[in-house]
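Enquirer: Requesting a structural model of the entry that follows:
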Amino acid sequence: MALRITVIGTGYLGATHAAAMAELGFEVLGLDVVPEKIETLARGEVPMYEPGLEELLRKHVAGIEGSTGRLRFTTSWEEVGEFGDVHFVCVNTPQKHGEYACDMSYVDSAFTSLAAHLHRPALVVGKSTVPVGSAGRLAKLLTELAPAGKDVELAWNPEFLREGFAVQDTLHPDRIVVGVAGERGEKLLREVYATPVGEGSPFVVADYPTAELVKTAANSFLATKISFINAMAEVCEAADGDVVKLAEAIGHDDRIGKKFLRAGVGFGGGCLPKDIRAFMARAGELGADEALTFLREVDSINMRRRTHMVELAREAVGGSFLGRRVAVLGATFKPDSDDVRDSPALNVAGQIHLQGGQVTVHDPKGMENARRLFPTLAYADSAIEACRGAHVVLHLTEWGEYRQLDPAVVGAVVAERHMIDGRNALDAAAWRSAGWTFRALGRPKA
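Expert: Next up is the predicted model:
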């Protein structure tokens, strides 16, 4: 009998995972405690922007003409317990207010609610990013609370989704990591992931703690690499160097590689910032805090880039933002997403607004989320309108459409032609030839 899969939590991770499991041929039931979210997904619509996800949903959601009908959604824990052989838990683990540690309340609640309805053998698979040691605790919780007792097993299967590439990363992962306590959990997950494993995706089997550590270790390494090149940008500015050429040169070294070496205004989003902070907090609880003290500097460098962008903008408008108009191109923390969580672009915009600047923001996909988070900023429906009357333009999210802007056309609507490229993605020569003063982070003379 074919495995039937449930997905607990249908946010960004859960909705993508549910659609991908249906694409792999499984009958899937997604659960969320927010009825409005379930109603939206049941119509084949997604409450966030992710390329290809809505098309994948509509291909499989039951009730949509032409769909396979393999994917349904519910708010019933009882229905989920009766339906599933493998239950994926995909709920959020945000940073606690006023602390570095992550908030495990959503995960604990999901496991407790699910366990009460597990009356037969099942595998529960955690995909959320959690502090190391959580899986062992949750395995005991399942055994204690599930009517099926020890016939309910736990596995940990961390996610490695990149926003903007989540569908691709789920269907064709660069690795699959599973933390298991026995052969049955490994066997079931090999069955779940048989298609990508057959296509060549590595399948790494580990214990619970190692599987939990993989995600936080990977994110910490990526954050460190980004902050490293941004630290080099600071040195380049002091020494009149060019961080883009520096990154190109060291990136040719296979031991270093070219990825994540673009200096700019820093990283943001719902993963890297909170994950490295939670990692530091957990290391402290384990008595290993000295091992991760370097992450404090990684975090500090990252936040310093935002402040530096504000300083450069202030200099460009004459030393004070009072009475000056500032155009901010970009609101999301990265392109091909509508995610504005801990966005460097919005952080910079907010700082300038607080210092008296008249800030107008544009973003191709993140406007609605940005308005909710920063309602006091002004927003424009196009990049050109955002730039109208501006004394300085800040390029802070590297959307493709901003690289295609005509410097002469933009120059015709601004008050002063000052461009600061916070992502090192624009053609400096083209902007300068159109009469703009152009500055990019880490390239004082380029």
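Enquirer: Can you show me the strands along the stretch 151-300 of the chain?
Expert: According to DSSP state E, counting those that start in this stretch, the stretch 151-300 of the chain carries its strands in the segments 152-156, 176-180, 203-206.
Enquirer: any idea which of these is most buried?
Expert: Mean neighbours per residue, mean count of other CB atoms under 10 Å, is largest over these for strand 152-156, with a mean of 25. All C-beta atoms are positioned from the backbone trio N, CA, C, and that covers glycine.
Enquirer: Give me the mean pLDDT for it.
Expert: Mean pLDDT, strand 152-156: 98.
Enquirer: next one: stretch 335-355
Expert: 96.
Enquirer: again, but for stretch 312-319
Expert: So the average pLDDT for stretch 312-319 ends up being 97.
Enquirer: can you give me the strands in the stretch 301-446 of the chain?
Expert: Secondary structure of the stretch 301-446 of the chain by DSSP E, counting those that start in this stretch: the strands cover 325-329, 358-362, 378-379, 392-395, 418-421, 437-440.
Enquirer: Turn those strands into JSON lines, columns for distance to residue 27 and mean pLDDT.
Expert: Output for the strands of the stretch 301-446 of the chain, formatted as JSON lines (distance: least, CB to CB, whole Å; pLDDT from 0 to 100):
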{"stretch": "strand 325-329", "distance to residue 27": "44", "mean pLDDT": "98"}
{"stretch": "strand 358-362", "distance to residue 27": "43", "mean pLDDT": "98"}
{"stretch": "strand 378-379", "distance to residue 27": "43", "mean pLDDT": "98"}
{"stretch": "strand 392-395", "distance to residue 27": "46", "mean pLDDT": "98"}
{"stretch": "strand 418-421", "distance to residue 27": "49", "mean pLDDT": "98"}
{"stretch": "strand 437-440", "distance to residue 27": "51", "mean pLDDT": "96"}
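Enquirer: among those strands, which is nearest residue 38?
Expert: Comparing the strands of the stretch 301-446 of the chain against residue 38 with CB to CB, the closest turns out to be strand 378-379 (29.9 Å).
Enquirer: Dump the strands of the stretch 301-446 of the chain into TSV; add mean neighbour count and distance to residue 206 as well.
Expert: Shown next, in TSV, are those (neighbours: other CB atoms under 10 Å; distance: least, CB to CB, whole Å):
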stretch	mean neighbour count	distance to residue 206
strand 325-329	29	43
strand 358-362	24	43
strand 378-379	18	46
strand 392-395	28	42
strand 418-421	24	42
strand 437-440	20	42
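Enquirer: Would you mind giving the strands of the stretch 151-300 of the chain as CSV with distance to residue 136 added?
Expert: Converted to CSV, the strands of the stretch 151-300 of the chain look like this (distance: least, CB to CB, whole Å):
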stretch, distance to residue 136
strand 152-156, 9
strand 176-180, 10
strand 203-206, 13
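Enquirer: who wins for proximity to residue 325 among those strands?
Expert: strand 176-180 (48.7 Å).
Enquirer: which residues sit against that closest one?
Expert: 135, 153, 155-158, 185-186, 189, 193, 196-197, 201-212, 214 (CB atoms under 8 Å, 6 or more residues apart in numbering).
Enquirer: Turn the strands of the stretch 301-446 of the chain into a markdown table, including distance to residue 305.
Expert: Formatted as a markdown table, these follow (distance: least, CB to CB, whole Å):
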| stretch | distance to residue 305 |
| --- | --- |
| strand 325-329 | 15 |
| strand 358-362 | 18 |
| strand 378-379 | 24 |
| strand 392-395 | 13 |
| strand 418-421 | 12 |
| strand 437-440 | 13 |
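Enquirer: contacting residues around the residue lying closest to residue 132 once chain neighbours are set aside?
Expert: Spatially, and ignoring its direct neighbours in sequence, residue 132 is nearest to residue 212 (4.5 Å; CB to CB, 6 or more residues apart in numbering). By CB under 8 Å, 6+ apart, the residues touching residue 212 are 130, 131, 132, 133, 134, 135, 156, 158, 179.
Enquirer: The stretch 151-300 of the chain: helices as residue ranges?
Expert: For the stretch 151-300 of the chain, the helices defined by DSSP state H, counting those that start in this stretch cover 166-171, 183-192, 194-198, 208-239, 243-251, 272-285, 294-316.
Enquirer: Can you give the distance from the shortest one to the centre of its chain?
Expert: It stands for helix 194-198. Distance of helix 194-198 from its chain centroid, counting by CA atoms, centre = their mean, to the nearest Å, is 25 Å.
Enquirer: again, but for the first one
Expert: Using CA atoms, centre = their mean, the distance from the centre of helix 166-171 to the centre of the chain it belongs to is 13 Å.
Enquirer: neighbouring contacts of that helix?
Expert: With contact meaning CB under 8 Å, 6+ apart, helix 166-171 is reached by 12, 16-17, 19-20, 23-24, 50-53, 56, 160-162, 196.
Enquirer: Also the shortest one?
Expert: Around helix 194-198, the neighbours that count as contacts under CB under 8 Å, 6+ apart are 24, 25, 171, 172, 173, 176, 190, 203.
Enquirer: what residues are up against the fourth one?
Expert: Applying CB under 8 Å, 6+ apart to residue 172 gives the contacts 196, 199, 201.
Enquirer: rerun at 10 Å
Expert: 20, 165, 195, 196, 199, 200, 201 (CB atoms under 10 Å, 6 or more residues apart in numbering).
Enquirer: Can you tell me which of the residues you listed is nearest residue 336?
Expert: Using CB to CB, residue 165 comes nearest to residue 336 of these, at 7.7 Å.
Enquirer: neighbours around the closest one, how many?
Expert: 15 (other CB atoms under 10 Å).
Enquirer: correct me, but it touches residue 335?
Expert: No. Using CB atoms under 10 Å as the test, residue 165 is too far from residue 335 to be in contact (11.1 Å).
Enquirer: could you pull out the strands for the stretch 1-150 of the chain?
Expert: Using DSSP E, counting those that start in this stretch, strands in the stretch 1-150 of the chain cover 4-8, 27-31, 71-74, 86-89, 122-126.
Enquirer: okay if I get these as a markdown table plus mean neighbour count?
Expert: Listed next are the strands of the stretch 1-150 of the chain as a markdown table, based on neighbours: other CB atoms under 10 Å:
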| stretch | mean neighbour count |
| --- | --- |
| strand 4-8 | 26 |
| strand 27-31 | 26 |
| strand 71-74 | 22 |
| strand 86-89 | 25 |
| strand 122-126 | 26 |
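Enquirer: Among those strands, which comes closest to residue 253?
Expert: strand 122-126 (36.8 Å).
Enquirer: With residue 345 as the reference, name the closest of the strands of the stretch 151-300 of the chain.
Expert: With CB to CB as the criterion, residue 345 lies closest to strand 176-180 of those, at 31.8 Å.
Enquirer: orientation of that closest one relative to helix 183-192 in degrees?
Expert: Interaxial angle of strand 176-180 relative to helix 183-192 (axes from the mean of the first three to the mean of the last three CA atoms, to 10 degrees): 160 degrees.
Enquirer: ok and strand 176-180 relative to strand 122-126, angle-wise?
Expert: 120 degrees.
Enquirer: Measure how far strand 176-180 is from the centre of its chain, please.
Expert: Worked out by CA atoms, centre = their mean, strand 176-180 lies 21 Å from the chain centre.
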